[in-house]
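Peer 1: Need a 3D model of the sequence below.
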Amino acid sequence: MRVMVTCPRCGSEVSTLAEFKLGFCDLTTYDEGDKLTWSGRDQRHRPPNGDADGDGYAECPLCELDFWLVITVRADRIQRPEVDRERPGYIAG
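Peer 2: Predicted structure coming up:
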């Protein structure tokens, strides 16, 4: 998904792509507010009320360090992602 966030590693406001594993994993690029597709032909994998929380992973295009996001979906719509400041990235910086 495309996100605009403040990088927790360098403090810059950046636009970057975040990977997450919610919904139908078909490599669709989503934006905040988009309706998430839960599966290809049916909705059997849709959680109750279309609500779910998951992890997102991103890398800052400026400092090239990584960070985690909390991805929230409510009523099938992707909410504004939040930086997970409790979870360290993999890339040492």
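Peer 1: What does the pLDDT read for Gln43?
Peer 2: Predicted confidence (pLDDT) for Gln43: 61.
Peer 1: where along this structure do the strands fall?
Peer 2: 2-6, 13-20, 52-59, 66-74, 77-78, 82-83 (DSSP state E).
Peer 1: Burial-wise, tell me which of the ones you listed comes out on top.
Peer 2: Of those, the one with the most neighbours on average (mean count of other C-beta atoms under 10 Å) is strand 66-74, at a mean of 20. From N, CA and C alone the C-beta is placed, and that goes for glycine too.
Peer 1: and that strand, C-alpha only, in PDB?
Peer 2: Taking Å, rounded to 0.1, in the frame of the first residue of the first chain, the C-alpha atoms of strand 66-74 are listed here in PDB:
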ATOM      1  CA  ASP A  66      13.100  -0.200   7.600                       C
ATOM      2  CA  PHE A  67      10.200   0.100  10.000                       C
ATOM      3  CA  TRP A  68       6.900  -1.600  11.000                       C
ATOM      4  CA  LEU A  69       3.400  -0.200  10.700                       C
ATOM      5  CA  VAL A  70       0.100  -1.200  12.200                       C
ATOM      6  CA  ILE A  71      -2.500  -1.600   9.400                       C
ATOM      7  CA  THR A  72      -6.100  -1.200  10.500                       C
ATOM      8  CA  VAL A  73      -9.100  -2.200   8.400                       C
ATOM      9  CA  ARG A  74     -12.600  -1.200   9.600                       C
END
